[in-house]
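Chemist: here are the coordinates; sequence isn't available:
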């Protein structure tokens, strides 16, 4: 994102250290998970995560897979009593949210406040990249999901300039030395597709997001030849292809799969890459926007198994499972015993000519902070929240956390 005039623009990153279930190494080959696994095997207490983050990969299931809904919009009809509860606890000002109680699949309850207002989605938009990758893999292997998983586990790609430009670190585990280090992505880094996805979601690394955005484009361009595509030939493709062609392809790859499941351009769209170096060959188009309703459409259909297919929906849900430090909305102590599937992101800008204070995650020109989450309590209470805010000059992390507690109380009261 370019600085414009006196504006200082920053992208806030979701700073957790892991999503994929902690016993998921055998399936994913994400080496970072071995550090957690070895700690637990030693019998050491693992204090970084609450009880709800210790669920097994086998615990994660789709909540609405037995119910088939053809029209997602028909589900998002407000329940008057439930709406009154949510409205009473929703702050005034630049808050927008959508909440759905999915405890009883045959009696879904929906409430919303300014749910059609568009916000810059920040890192929440990385879910669209995740979706694009799984969408393209289905095209390559339409009838063989395990082949898709094998591709994620076995294909290694390098960063090059695509993965650079983000000062936030990624966790890298040296298996032989049993050592976990954290550093920025460098051009020579090589990881499997699964590990790049993990870096994109677990620490919300922007460089990893651009790398996986690039790979989704290459999957679309090369189809069944993609698994054998070398890093050299991949880079040559970008050198040889006109910029406007690449920009259009990038826009189509992430957005068209959303349109196919009833999410409109005004509901949610992604306008381009997440790092400036990636703009060397790929431009931006149409801007990025997200609404609570658009994101709710996605998460409800994910629970149905209607996003690409049931296997893809479940695997993407696993990648959104928090298995490390919870922040912002997910930090509420009310959620400690719950399994949560979460993505957060922010986007802010400071104008030095304004008297209002400004700082990290507290922009005085704009200050977007967004949280999307699915909560599963041990007692069977389950619900989805999509929250988007633009409260100027204030880090809204605390407000998201307190609102999480209030919403949890409202949803679980009956």
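Modeler: Alright, I've got the coordinates. The shown structure was predicted, so the numbers you read here are calculated from the model rather than taken from an experiment.
Chemist: please enumerate the strands of the stretch 301-414 of the chain.
Modeler: 339-351, 366-376, 382-390 (DSSP state E, counting those that start in this stretch).
Chemist: lowest-pLDDT helix or strand in the chain?
Modeler: Of all the helices and strands that make up the chain, strand 7-12 has the lowest average by mean pLDDT, DSSP states H and E, namely a mean of 40.
Chemist: which of the strands of the stretch 301-414 of the chain sits closest to residue 96?
Modeler: Between residue 96 and those, the shortest gap by Cβ to Cβ is with strand 382-390, which sits at 4.9 Å. For glycine as for every other residue, the C-beta is placed from the backbone atoms N, C-alpha and C.
Chemist: what's the offset of that closest one from the middle of its chain?
Modeler: Strand 382-390 sits 13 Å away from the centroid of its parent chain (Cα atoms, centre = their mean, to the nearest Å).
Chemist: grab the nearest non-local neighbour of residue 118.
Modeler: Computed as Cβ to Cβ, 6 or more residues apart in numbering, the closest residue to residue 118 that is not its neighbour in sequence is residue 289, at 4.2 Å.
Chemist: that neighbour contacts residue 119, doesn't it?
Modeler: Yes - applying Cβ atoms under 8 Å, one finds residue 289 in contact with residue 119, separated by 7.1 Å.
Chemist: which one's more surrounded, these two?
Modeler: residue 119 (22 against 19; other Cβ atoms under 10 Å).
Chemist: identify the bridge partners of the more buried one.
Modeler: Going by DSSP bridges, residue 119 is paired in beta bridges with residue 290.
Chemist: cool, and residue 372?
Modeler: Beta bridges link residue 372 to residue 343, residue 386, judged by DSSP bridges.
Chemist: show me what contacts it?
Modeler: Contacts for residue 372 (Cβ atoms under 8 Å, 6 or more residues apart in numbering) come out as 124, 127, 295, 299, 342, 343, 344, 384, 385, 386, 387.
Chemist: ok, residue 302 next?
Modeler: With contact taken as Cβ under 8 Å, 6+ apart, residue 302 is in contact with 62, 313, 316, 317.
Chemist: all helices of the stretch 201-350 of the chain, in order?
Modeler: Under the criterion DSSP state H, counting those that start in this stretch, helices of the stretch 201-350 of the chain are mapped to 206-222, 231-240, 243-259, 292-304, 310-319.
Chemist: among those, which is nearest residue 277?
Modeler: Nearest to residue 277, of all these, is helix 206-222, at 7.7 Å by Cβ to Cβ.
Chemist: now do that closest one, average pLDDT.
Modeler: Averaged across helix 206-222, the pLDDT comes to 97.
Chemist: remind me which helix or strand residue 146 belongs to.
Modeler: Using DSSP states H and E, residue 146 falls within helix 145-154.
Chemist: give the next helix or strand downstream of that helix.
Modeler: Taking DSSP H and E, what comes next after helix 145-154 is strand 156-158.
Chemist: next, the contact list for the residue lying closest to residue 354 once chain neighbours are set aside, please.
Modeler: Leaving out its chain neighbours, the residue that sits closest to residue 354 by Cβ to Cβ, 6+ apart is residue 364, at 5.0 Å. By Cβ under 8 Å, 6+ apart, the contact list for residue 364 reads 350, 351, 354, 356, 357, 358, 392, 393.
Chemist: again with residue 405
Modeler: 332, 333, 334.
Chemist: quick one, which of those residues are buried?
Modeler: 332, 334 (16 or more other Cβ atoms under 10 Å).
Chemist: as TSV, the contacts of residue 405 with pLDDT would be great.
Modeler: Shown next, in TSV, are those (pLDDT from 0 to 100):
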residue	pLDDT
332	94
333	94
334	96
